[in-house]
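Engineer: Quick one: sequence and predicted model below, then my questions.
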Amino acid sequence: MIGYILRRLLLMIPLVIGITVITFLVMHLAPGKPTDLVTEMQVKVGAEARERLKTLYGLDKPWYVQYFNWLKRLTRLDFGKSFKDDRLVSKKIFERLPATLLLNISSLLLIFSFALPIGIYSAIRQNSLFDKGMTVFVFLGFSVPTFWLALLLMILFGIKLGLLPISGLRSLNWDDLSFLGRTWDIVKHLILPVFISGFTGLAGLSRYSRASMLEVIHQDYIRTARAKGLPEKQVIFKHALRNALIPVVTILGLSLPDLIGGSFIFETIFSYPGMGRLGYEAIMARDYPVVMGVGTIAAFLTLLGNFLADITYAYVDPRIRYR
Amino acid sequence: MWKIYWRRLKRNKLALSGLSIILFLTILAIFAPLLTPYNPLEQNLLARLSSPSKEHWFGTDDLGRDVFSRIIYGTRISLTVGFVAIGIAIIIGTIIGLISGYFAKKIDLILMRFVDIMLCFPAFFLILMVIAFLEPNIYNVMIVIGLTSWPGLARLVRGECLSIKEREFISAAKILGLSTIRILFVHILPNVLAPVLVSATLGVGSAILIESGLSFLGLGVQPPTPSWGNILTSGKDYIYLAWWLSVFPGLAILITVLAYNLLGEGLRDIFDPRTFEG
């Protein structure tokens, strides 16, 4: 097992390098330089000063030299400094990371705790009203533009009913609140973003666990279990469920790129102080070091999720021999 | 074979409903100038942000433009983006998948590693970055969505190709001395077309979602050209004043994407060899 884990971890290195190379290339092949923002607005800045700025940020060297330097610094976990405010990129990201993790992990919890029961129940009651309702829900879940759903819920719960806050993570009176008050405040701010970012995944996983359960229910060993007179509850929960859950685990890994990619749009809509919004703002401002930093961390989180899913998969399914 | 599929299509409710909605939308897009009561770009500052009424079915926006007309014109954008983007993805994905599956070994290893990288990229981040660094316009949006949507298709085609190339008719074709290109495109390609079609149809839906997301963030179709995504942006800006700016364009996106998903799932049943009947 340890050998397998090590090998999988080593395999992540070329993937991270590949992803960062692509990010770097895209950024540097695009027309326009980050120094334009500083200089184009100010007519007084001459060509000479522009060159000096480029040298200062190392932008005068070819892209592969720049990339190599960046990679070298990365081994010391140094992402460089932001072009915008000269602060350390790693600091900027780690300030925002907890909020993004809080959002994504809560969404994952939401997805798993609702999608599994829904999927399994509709598989057991195939073609029932509940099952048909679920199919409709799944179709809607895949088709609805989630940022639109976010707007609608903001209008309904935030503006018409005034029940939930529609932006940020803390209220204005945060400092005056007691500990319980603060917790409740964060929960209230989280409800809409978590529901929205989990929505597509909820539909996806419900459908997946339904399909997986349906396949297991028609296996011979389930018929055997029933034939030997086991109560239906035991057949479903002991014999079928365990086997149906195995492939569902892999979906955990697959749903991560979507969740993290979604952070960029949802955090912007809800003005949520997370890494996604930081990345979006950095892209808009051509803040190269921050873009690279956010891209790398996002890719790393995705790979880590895939890795954990594979390990869990190997762990729960005795048929898989990790070599 | 395609005759059987056609007969199944006529009996498949999912596919038929999806197809008819898509046809209806296509007609709307083509005949937009005849069907809209107002010019979608015409401003009427006296009728700013007026709620839905007899004159303006879906209300007006912050510049007094008729939202109904803008949504009808937006159909053109969404359908074109979906089609062109997925067209690009199909071409790249199929070629890379065929090459990877047919030649196997080293080429396969390299290409599939690349596909792995693309698949674990948070795609939206990549798209956002490329569009923001290039110029945000509809052409770049189509190209970039196309360039990021092919890896899944490539993997699918590769899988099919791996099993098909072991079949006897391919060995026969080789013995006859047919060129590799001919074998790939005349003998293997038609046999992988069905799953590609299913996944492409579903892909059109997600391409439309991505485009509207980008336009919503101001990185897609640029105003004043109406697109469902950028109408939603003003919906967000006037969220306290004008609910109709948010509700209607989103419904349009939902219906369109739903239609493609219905058609895609329907096609999946139709092409499924396990569905037995005459």
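Structural biologist: That came in fine, so what should we check first? As the structure is a prediction and not an experimental result, all values here were calculated from the model.
Engineer: which ones are touching residue A:211?
Structural biologist: Residue A:211 makes contact with residue A:123, according to CB atoms under 8 Å, 6 or more residues apart in numbering or on different chains. For glycine as for every other residue, the C-beta is placed from the backbone atoms N, C-alpha and C.
Engineer: Report the rounded mean pLDDT for the host helix or strand of it.
Structural biologist: Using DSSP states H and E, residue A:211 sits in helix A:179-217. Helix A:179-217 comes out with an average pLDDT of 88.
Engineer: Quick check: which ranges of chain A have low pLDDT?
Structural biologist: Chain A contains residues with pLDDT under 70 at A:30-47, A:50, A:53, A:56-58, A:252-254, A:318-323.
Engineer: Centroid-nearest residue for it?
Structural biologist: Nearest to the mean C-alpha position of chain A, counting by CA atoms, centre = their mean, stands residue A:260 at 2.2 Å.
Engineer: how many neighbours does residue B:181 have?
Structural biologist: Look at residue B:181: counted by other CB atoms under 10 Å in any protein chain shown, it has 9 neighbours.
Engineer: Could you check the helix or strand harbouring residue A:257 against chain B for contacts?
Structural biologist: If you go by DSSP H and E, residue A:257 is part of helix A:241-269. Yes: using CB under 8 Å from any CB of the partner chain, we find that helix A:241-269 touches chain B at A:257, A:260-262, A:264-265, A:268-269.
Engineer: related to what we said a few turns ago, shouldn't the residue nearest to the centre of chain A be in contact with residue A:301?
Structural biologist: Yes: Residue A:260 is in contact with residue A:301 according to CB atoms under 8 Å; the separation is 5.9 Å.
Engineer: Any residues of the stretch 151-278 of chain B in contact with chain A? List them.
Structural biologist: Within the stretch 151-278 of chain B, the positions near chain A by CB under 8 Å from any CB are B:205, B:209, B:212-213, B:216-217, B:232, B:235-236, B:239-240, B:243, B:246-247, B:249-250, B:253-254, B:257-258, B:261-262, B:265.
Engineer: in chain B, which spans are helices?
Structural biologist: Secondary structure of chain B by DSSP state H: the helices cover B:2-11, B:13-30, B:32-35, B:67-103, B:105-120, B:123-133, B:138-164, B:168-175, B:180-182, B:189-216, B:228-237, B:244-271.
Engineer: what's the fourth one packed up against?
Structural biologist: It refers to helix B:67-103. Applying 3 or more CB pairs under 8 Å, 6 or more residues apart in numbering or on different chains; DSSP states H and E, one finds that helix B:67-103 contacts helix B:13-30, helix B:32-35, helix B:105-120, helix B:138-164, helix B:189-216, helix B:228-237, helix B:244-271.
Engineer: same deal with the third one?
Structural biologist: Counting contacts by 3+ CB pairs under 8 Å, 6+ apart, helix B:32-35 is packed against helix B:67-103.
Engineer: Could you pick out the buried ones from the residues of the stretch 151-278 of chain B next to chain A?
Structural biologist: Taking 16 or more other CB atoms under 10 Å in any protein chain shown as the criterion, what is buried in those is B:205, B:209, B:212-213, B:216-217, B:232, B:235-236, B:239, B:243, B:246-247, B:249-250, B:253-254, B:257-258, B:261-262, B:265.
Engineer: okay, how far is it across stretch A:172-188, tip to tip?
Structural biologist: Chord length of stretch A:172-188, first to last residue, is 13 Å (CA to CA, to the nearest Å).
Engineer: Same check on stretch A:151-158?
Structural biologist: One end of stretch A:151-158 sits 10 Å from the other (CA to CA).
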